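Q: Next input, structure requested:
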Amino acid sequence: MAHTDITQRRTSWWERLGEHCYRVSTPQLVRDMQNEASLTFEELINDLGAPLDAIFEREVARQMNQGAYLAFVPAETLMPVMMQRFGLEASRIAEDGDVRAMRRTCNACPVAGHCWRAMRRDAGVEECRGFCPNAEAFDRAAVA
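A: Purely as a prediction, here's the structure:
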């Protein structure tokens, strides 16, 4: 019995060390993936349903908020999903000046990483209203 306790403590210590090493190396891992496997990385961040480790996902979002992913276009990946949250269908809205303005706002969004994580976990419209710079425009389009 005592041997089991010692083994469990060692395993626990080892797991904590491994977790710490992974956590502190994740920023570099994300950058390396973007640089060395850019197509795979692009597919990964554009697939909002792809399962990701929570630490990895948080780091991707953090770097996304800093504008680190030039190939990521929020208006293509996030805006259609966000519009659905507000009861809009992208295919039914004409590509007029309002939609172009919404796309520009989305692509320049300072919280794209937050939005990305919210869309990944199917955040509701009320949560989205709290951070989306297009929320008022989406609400106006929904009643029009």
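
Q: and Ile55, how many neighbours?
A: Using other CB atoms under 10 Å, Ile55 is surrounded by 14 other residues. For the C-beta atoms, the positions are set from N, CA and C on the backbone; glycine is no exception.

Q: give me every residue that touches it.
A: Ile55 is in contact with 22-23, 26, counting by CB atoms under 8 Å, 6 or more residues apart in numbering.

Q: what do you get for Thr77?
A: Taking CB under 8 Å, 6+ apart as the test, what Thr77 contacts is 45-46, 48, 116.

Q: State the number of residues packed around Thr112.
A: In this structure residue 112 is Ala, not Thr. For Ala112, the neighbour count with other CB under 10 Å is 23.

Q: Which pLDDT value belongs to it?
A: Per-residue pLDDT puts Ala112 at 97.

Q: so how far is Asp139 from the residue nearest the centre of the chain?
A: For the chain, Trp116 is the residue whose C-alpha lies nearest the centre (CA atoms, centre = their mean; 2.6 Å). Computed as CB to CB, to the nearest Å, the Trp116 to Asp139 distance reads 21 Å.

Q: so Gly18 is in which element?
A: Gly18 belongs to helix 2-36 when elements are defined using DSSP states H and E.

Q: err, Ile55, not the other one
A: helix 54-65.

Q: looking at this structure, which helix or strand is least sure?
A: helix 2-36 (a mean of 82; mean pLDDT, DSSP states H and E).

Q: Which neighbouring elements make contact with the next helix or strand after it?
A: Downstream of helix 2-36, the next assigned helix or strand under DSSP H and E is helix 38-46. Where contact means 3 or more CB pairs under 8 Å, 6 or more residues apart in numbering; DSSP states H and E, helix 38-46 is packed against helix 2-36, helix 74-77.
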